[in-house]
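A.B. asks: no sequence on this one, just coordinates:
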Ligand SMILES: [Zn+2]
């Protein structure tokens with residue numbers, strides 16, 4: 001879902017509190033302001049760049065911050081007994097990242113990824129979002145296709161990808177001619193947000209959920225009017241995925 005054409009809103013930008021004027025500065029003899037607390041030491045191993053693999057490392061760093069993901073992947077990789085799938089490779093890579101004392105090379109995972117998804121072959125740059133979708137799809141398929149899955153369908157629960165990353169959007173479209181409304185549900189595992197330099201993530205989210213006017217070639221076919229009409233379409237989250245990266 002490309003949203004690059006979504007019109008931008010005027011934003012109200014809040015400014016941080018300004019420092020006191022120099023004349024109001026405390027005398028040199030005054031106690032120095034307390035230092036901000038130091039960040040906790042990094043608890044996870046870094047990842048070696050294997051040549052334009054920052055897209056892979058970026059996704060792995062985010063996944064490592066998702067609570068429960070490692071636990072679910074470990075359980076499902078063992079149950080799937082599929083040593084040749086991305087599910088088990090992803091699980092072991094995240095576990096090594098969490099426990100290795102020094103930097104870790106994700107070469108095994110990368111090799112498996114390139115074997116299963118030829119689009120990632122070669123040494124070029126790739127899209128992190130595309131990679132995330134491939135990984136989640138592979139995790140889901142490995143779980144759904146595990147040995148004996150057909151015998152326990154519906155009893156073993158959804159895959160880790162479904163449990164943690166599946167959400168649902170509802171698009172409400174309102175015809176501007178008859179005011180009739182229709183809704184359409186759509187599952188999602190990620191949102192494609194507009195990126196603008198110096199704008200925070202919240203800005204991209206606000207753009208995504210902004211009402212969109214459908215006109216010209218994008219007119220909406222209204223079944224009540226039996227014609228293509230101008231309309232307003234608004235997305236909202238009906239069900240949010242529980243996976244939240246930890247700070
Ligand atoms: Zn209508």
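C.D. replies: Alright, I've got the coordinates. Note that the structure is a prediction, hence the values are computed from the model and not measured.
A.B. asks: Can you classify the residue nearest in space to the middle of the chain as helix, strand or coil?
C.D. replies: In the chain, the C-alpha nearest the mean C-alpha coordinate belongs to residue 190, at 4.5 Å (CA atoms, centre = their mean). The assignment at residue 190 comes out as coil when based on DSSP: H, G, I helix; E, B strand; the rest coil.
A.B. asks: Check what pLDDT it gets.
C.D. replies: What the model reports as pLDDT for residue 190 is 89.
A.B. asks: From the ion, how far off is it?
C.D. replies: In this view, residue 190 and the ion are 32 Å apart by CB to the ion, to the nearest Å. The way it works is simple: take the backbone N, C-alpha and C, and place the C-beta from them, glycine included.
A.B. asks: try residue 77
C.D. replies: Residue 77 sits 51 Å away from the ion, going by CB to the ion.
A.B. asks: looking at this, that residue is in a helix?
C.D. replies: Yes. When classified by three-state DSSP, residue 77 is found to be part of a helix.
A.B. asks: now for the worst-scoring helix or strand of the chain on mean pLDDT, which elements pack on it?
C.D. replies: The weakest-scoring helix or strand in the chain, judged by mean pLDDT, DSSP states H and E, is helix 69-80 (a mean of 80). Taking 3 or more CB pairs under 8 Å, 6 or more residues apart in numbering; DSSP states H and E as contact, the helices and strands that helix 69-80 lies on are helix 86-99, helix 128-144, helix 160-165.
A.B. asks: and stretch 224-236, how far from the chain's centre?
C.D. replies: Taking CA atoms, centre = their mean, to the nearest Å, one finds stretch 224-236 lying 29 Å from the centre of the chain it belongs to.
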